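what's the 3D shape of this:
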Amino acid sequence: MGDGGQGAHSEGSGVRLRLLGAANAGDGSSAYTVYRVRVEGGSGDAQAHTSKRFSSFLDLLNTLGREAGAGGERGSMAAAVVDNWKRQLNFEKRHTGKASRSEPVVSARVQLLQKMLDELLAVPEVASSAGLSHFLLSTP
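Residues are numbered from 1 along each chain as shown. Predicted structure coming up:
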């Protein structure tokens, strides 16, 4: 399925995130789509791969939103970026069931999620957050 393009890059940490595409998992009524993410070091060497469901990206945004709120910076750049992406991904949840696994929806989501990762990593507080680290290290 789709390819995510260049990938998000955090200048401070030297980490890059690249959405490699998507794959179907499960079968029958329990089928779902996972989005493959590659985590690279500053030199471009692949360090890790992880696969995440679309709902995992929403969970990430909820975690980052709590972290941004806990920092006492309601009007911070991190909070604004996270809130914007929460709205976009919640809207994208309108595709459910079999429709969420269709090629056009999956391709559009790959591009959307890559753009989200790019924008999140451009914010230093997010790029170095515990929530993002946990997201990358946890299994789907």
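
so how far is the strand of greatest length in the chain from its chain's centroid?
Longest strand in the chain, counting residues (DSSP state E): strand 15-25. Offset of strand 15-25 from its chain centre (C-alpha atoms, centre = their mean, to the nearest Å): 9 Å.

Which positions within it qualify as buried?
Going by neighbour count (16 or more other C-beta atoms under 10 Å), the buried part of strand 15-25 is V15, R16, L17, R18, L19, L20, G21, A22. Quick note: C-beta positions are derived from backbone N, CA and C, even for glycine.

quick one: the fourth one from P104, how far?
Looking back up the chat, that one is R18. In this view, R18 and P104 are 22 Å apart by C-beta to C-beta, to the nearest Å.

Same question for the fifth one.
L19 is 16 Å from P104, where distance means C-beta to C-beta.

Just the angle for the longest helix belonging to the chain relative to strand 15-25, thanks.
Of all segments of type helix in the chain, defined using DSSP state H, the longest is helix 103-121. Put simply, helix 103-121 runs at 160 degrees to strand 15-25, going by axes from the mean of the first three to the mean of the last three C-alpha atoms, to 10 degrees.
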